[in-house]
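J.: Just the structure for this:
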Amino acid sequence: MTRVALAYPKIAGSREAPAVTGRCIAFEKYDGTNLHWVWEPELGWYAFGTRRDRFDFDPVGIAQFNAAHPGLEDAPGLFQDSFATELDRIFRTHPVATEMTAFTEFLGPNSFAGMHKKDDIKQLILFDVAQGGRILDPVQFLQDFGHLRGIARVVYQGKLTGLFTEDVRNGKYKVNEGVVCKGGTAENLWLVKVKTYAYMQRLKDAFAENWENYWE
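T.: Residues are numbered from 1 along each chain as shown. Reported below is the predicted structural model:
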């Protein structure tokens, strides 16, 4: 196992985010565990892990991951079955000669705040891909991977306005946790998350003593 600084960046909430302009694509934000999967042309899929650690993607590394993260044991097999082959094909079809990282959310129907019920059927949702350490912009992501089953659902395309964020918070878009709005290009990509009032109330009820750690 290797500790990593942060495999996926922290996303600012809409209240703390700097002012952004232009159009965005808002994807559903899923309430699960963020996992990353690392590929390069010669080795194929060679590493994986959570936001803060990384393991070799081989039997020894998978066993170490399972021991370190009880409750996530289904994830490596799910990735092999759902995304590994097709993403490998896409990467090799494109003129890419660099490391690629796929980011997925691991969850089940009753997952909540990163906790998962043992007997639930789990799934992986693909929500981002990075090329050479740089996350693809949302338009490119959809062009390259939008045809795949199990990618994050697009719930809105347009300007990031106060009306839109308030509609998300009030449940207009039928999302459980909220959305992540993505705009700009790969060189100046920006990400903003918006959570629903209903989800935030669930967190407040469940984690009242540490509520300040869970606000956007």
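J.: I'd like to know how many residues surround residue 116.
T.: 20 (other CB atoms under 10 Å). In short, each C-beta sits where N, CA and C put it, glycine included.
J.: residue contacts, it?
T.: Neighbouring residues of residue 116 by CB atoms under 8 Å, 6 or more residues apart in numbering: 32, 33, 71, 72, 106, 107, 108, 110, 122.
J.: got it, and residue 6?
T.: 51, 52.
J.: would you list every one of the strands in this protein?
T.: In the chain, strands defined by DSSP state E lie at 2-3, 12-13, 23-29, 33-40, 44-49, 53-56, 100-107, 123-131, 134-135, 154-159, 178-183, 190-195, listed in chain order.
J.: Switch the ones you listed over to TSV; also include distance to residue 82.
T.: TSV is the format used below for those (distance: least, CB to CB, whole Å):
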stretch	distance to residue 82
strand 2-3	25
strand 12-13	30
strand 23-29	17
strand 33-40	11
strand 44-49	13
strand 53-56	19
strand 100-107	9
strand 123-131	6
strand 134-135	20
strand 154-159	19
strand 178-183	21
strand 190-195	24
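J.: Of these, which is nearest residue 77?
T.: The closest of the strands of the chain to residue 77 is strand 123-131. By CB to CB, the value is 10.1 Å.
J.: just how off-centre is the closest one within its chain?
T.: Distance of strand 123-131 from its chain centroid, counting by CA atoms, centre = their mean, to the nearest Å, is 6 Å.
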